[in-house]
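1. Sequence unavailable; structure follows:
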């Protein structure tokens, strides 16, 4: 479990990183926290000829509020996002999702940008990002572009990033007060890759009516899946137990799970139902101020 | 691991049969196929560079068309080995006409061995399905460019 | 221990029994331990092993030319070299497979070594592995234990002709009579999974070969038994004194897994011989999870002939163990090692056994914490619960009904085991009290009314420690044994020295893997010689040239507390005896008149006629002329002790397969989430009789560890293969070892029923709950799911598996 040989460069600005990427294209891999890349290199399932270390690009490490968005630099460590008072107040579902990633020591190195670009189908951050409808800002030789989650995440471990592009920022809409939310997951052990994960957000209107619901599923497809038909069941309604049950059943239909050693496709599909139901109940509780 | 699926093409069954029998199309459609040389009729040597993101591997192998029953079905055998391990698969491909469309359905078995099998089991099934999908998308693209 | 030394028995123990902090910890916690990877030798090179990606294939050819030319590569060893340079390992079955340390013409499991590259560093060695091309011709695989026995199954070894390595029948008592007298026969089939112990430190070997003296020197982290030193010598075609094994001070965990190291020792030794280099190989985690060692997976068919009142008259069982692509020593111990305690803690006098050991395309086995008892007790204890269920009997009541009674000890089992001491009722009652059993049944009744799945499980098992190597010969029939040489014994060697100032140094060879042996030895010697544990230093590793050790030496089958402690005490008392003889000579008194009081040897009744013990020591070294005539100078005593209860099997296949027998009662209360199949442990009591407790803090650690281990095998861990023979748990992402977050609070209790056959009354303790927990959790979950009509007959019980069992049961209704 030793990596194969590679050339190593450090970049201290985004422009430097991009020019290195342009030079080496798909021979090169960016390394930030390395919590996913280094094990893959040690197993030799990834053998990049060139590593571009961006840990020195301090300008990409920030968390701030700009109008009604929380804006986070790609190099921000997961632990910093998790513990940030701003994030906990304005988009707490992201902090909760991050708290379930691996173990604290991993989160002190892993970055939010790295997790997004790695696009593991059983990672927490992408599920929360889809649920929040956050945007990804990407920079390349031909300039900047901003991508919706559906445009950014393509499939297993695959994003729409071009070989010489680098993710620089995530922009997350601030959640209104009294928004219900939850992030729940089923894992074998604390810190493992989950079997299913569900992010739920309930935007509440007057009289206890849910204006809009977001139900995002992880672990049951090549990317996260928004269970739109389940969301529609709740939109404009007062959330009753019966509706939660129905939404769970509907969400299970949206899942596209595979079987593996730990969980069969049937089990994942049924757990989608169960965790959507549990997640919605928890979200409703929070919306009530519980 | 079992793989199966269906794909719909807007063309006649004979056209689709010819499309799938043409080595040039296979070379363009098979994911990561860099080289394909016919050793004997229906038997090909291949060089594949398959990868997802940073996980790339080079495999040398063979692809074989067996038991062809034009224009209804045939079996495809393939195997490749490289540093990350080996891949071996077989599939039965069936064609049927549905109005103006031809349905291509496949049912097969895939074995993945070596490094990837040992540490990647949670994604192999999904990735195999995804690559099968890529193959058919590329075939559809070839069909379109020929029409 | 010689009878006359027993008179030195202490009335007061100052140190044994106290929770003394470990001497080992300071160096371990400050990074000053010496593990295999800490050893750096001059001009040392590094090895990487090419391993088969195929579970079953012919090797048509290997091309190493590109790899040999890679800069930094010093040499490559292939199967062709190994076939020329070594012999197959001997193993105790009638028709053995040809098992070499490397695949020769065929690979039989994923991960089997195919070649070894020696290079300047491990990075380069692995680069060179990528340049080796092997031409494999894949063959059909056989993965299922029962399918492996079918005549249509692919055959792994042509020279055997089938996949059955060992097959024997045993009869004890009169099973026919038992069936006739029975009111009911209860049947069950059980499947125990393949899993291991994944010690935190992997295998390590540093080998060098001197071509002039034709001697190997091999550093390695082998845990014993040193039987395997002899086997490697035979494989390498050398006498034993031409191969020196040196074990470092610290080993990061053994658990039986490090008994499977010896083939790698041979492999790296050959790499050193071929290349002329000193070669270091540290196994990486992926290699470990592919090709190190696990326990066997086992299929058991069991039938119990029982009376309506719950008495179990007899058992008939057929057990099929899977040792993988080959069988290697100490297998087929998997089938025979637990012979003496096969019927556990129960008075079952009639037993019919059919034993099969088979091969499939899986990695190989070695003793795994509890060695065969995890498999045995899963079947036996599940069976007890099945019988209780058929009879409508309480699962605690049926155990009390069948236990051996306290006044029956020492108790000889139907299979020849001699249980030294025990009070099973007391231990089990303590466990029941700890979980408040009556209250738990009441809560279960209420929970069931609410549709909640709450379950209570027990397992009550005998802990056999100090393996008697005689058990290996049970693979042969009595007639075959009569033609050969008997085997017996469970010996250990200890040397104690006292220096001129009265400080003590002990030389033992238990190769501790984290148990804290040095601390306990200090406590024992401090009590025996009236010194402080800080006055006692210990070296405790094997060097096959420089150390006195026995063929059974090592730490396995929890033998330290029984045989090693007895050897330590015996050696210490020999030293005491010698000091008394010297003092008697110098005080002109009779030895029988002397007593030892607080560091002084005095004549009874004449306190002024005395000598400081350290002056006796000083005299023994400095004034040799003053010693009694004919006495050796110095203070240096050896004990090579073997337990007299280790005898060969008799002609009826009865054998005392172990020597001291402890007892555990495990009681676990669970709740199963009916939606997700997740298991939550509500209460857990684990009560142990390990005889006299030597150091309660160390024992607590052992029990916690064995509980966590057992929890792993019950719910999380499995060495899994797909139907094509690929190992799919080759990293800790998928091989799920429970972490601190998964282990619940465990209420640990102790009952001390001292053994009459060890010097201090202690019995083995380290494996303990590993044997009882899988059965207990299986029983608890079965109890929880009983209202749904689900039966439990296999492990591990993942939520996915439980969910499927529940769905299946729902469909049946």
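-> Yes, it's here. The model shown is predicted, which means the values in this text are computed figures rather than measured ones.
2. tally of neighbours for the closest residue to chain B within the stretch 701-813 of chain C?
-> Going by CB to the nearest CB, chain B is nearest to residue C:730 of the stretch 701-813 of chain C, at 2.9 Å. Where C-beta positions appear, they are placed from N, C-alpha and C, glycine not excepted. Per other CB atoms under 10 Å in any protein chain shown, the neighbour tally for residue C:730 reads 28.
3. what do you get for residue A:238?
-> 11.
4. again with residue C:6
-> Neighbour tally, residue C:6, other CB under 10 Å: 12.
5. That one - that's part of a helix, no?
-> Yes: the assignment for residue C:6 is a helix, going by DSSP: H, G, I helix; E, B strand; the rest coil.
6. Next one: it, what pLDDT does it get?
-> Looking at residue C:6, its pLDDT is 86.
7. any idea how far it is from chain B?
-> For residue C:6, the distance to chain B equals 56 Å [CB to the nearest CB, to the nearest Å].
8. check contacts around that residue.
-> Going by CB atoms under 8 Å, 6 or more residues apart in numbering or on different chains, residue C:6 touches no other residue.
9. try residue C:148
-> Contacts of residue C:148 by CB under 8 Å, 6+ apart are C:142, C:163-164, C:322, C:358-360.
10. Just name the closest of those to chain A, please.
-> Nearest to chain A among these: residue C:360, at 17.9 Å, using CB to the nearest CB.
11. The residue of the stretch 1-150 of chain A at minimum distance from chain B: neighbouring residues, count only.
-> Residue nearest to chain B within the stretch 1-150 of chain A: residue A:46 (3.8 Å; CB to the nearest CB). By other CB under 10 Å, 20 other residues sit near residue A:46.
12. is it in a bridge, and if so with what?
-> residue B:55 (DSSP bridges).
13. is it true that it touches residue A:38?
-> No: applying CB atoms under 8 Å, one finds residue A:46 not in contact with residue A:38, separated by 9.3 Å.
14. Please name the nearest non-neighbouring residue to the residue of the stretch 701-813 of chain C closest to chain B.
-> Counting by CB to CB, 6 or more residues apart in numbering or on different chains, residue C:730 lies nearest to residue B:118, which is 2.9 Å off, once chain neighbours are set aside.
15. The helix or strand hosting that neighbour - contacts with which helices or strands?
-> Per DSSP states H and E: residue B:118 is located in helix B:115-119. With contacts taken as 3 or more CB pairs under 8 Å, 6 or more residues apart in numbering or on different chains; DSSP states H and E, helix B:115-119 sits against strand B:85-98, helix C:285-291.
16. do the last one and chain B meet?
-> Same thing as helix C:285-291. Yes: interface with chain B: helix C:285-291 contributes C:286, C:289-290 (CB under 8 Å from any CB of the partner chain).
17. By neighbours, which of the residues you listed wins?
-> Busiest of those [other CB under 10 Å] is residue C:289, holding 24 neighbours.
18. list the contacts for that one?
-> Contact analysis of residue C:289 by CB under 8 Å, 6+ apart lists B:118, C:198, C:719, C:727, C:729-732, C:735.
19. Name whatever forms a beta bridge with residue C:135.
-> residue C:61.
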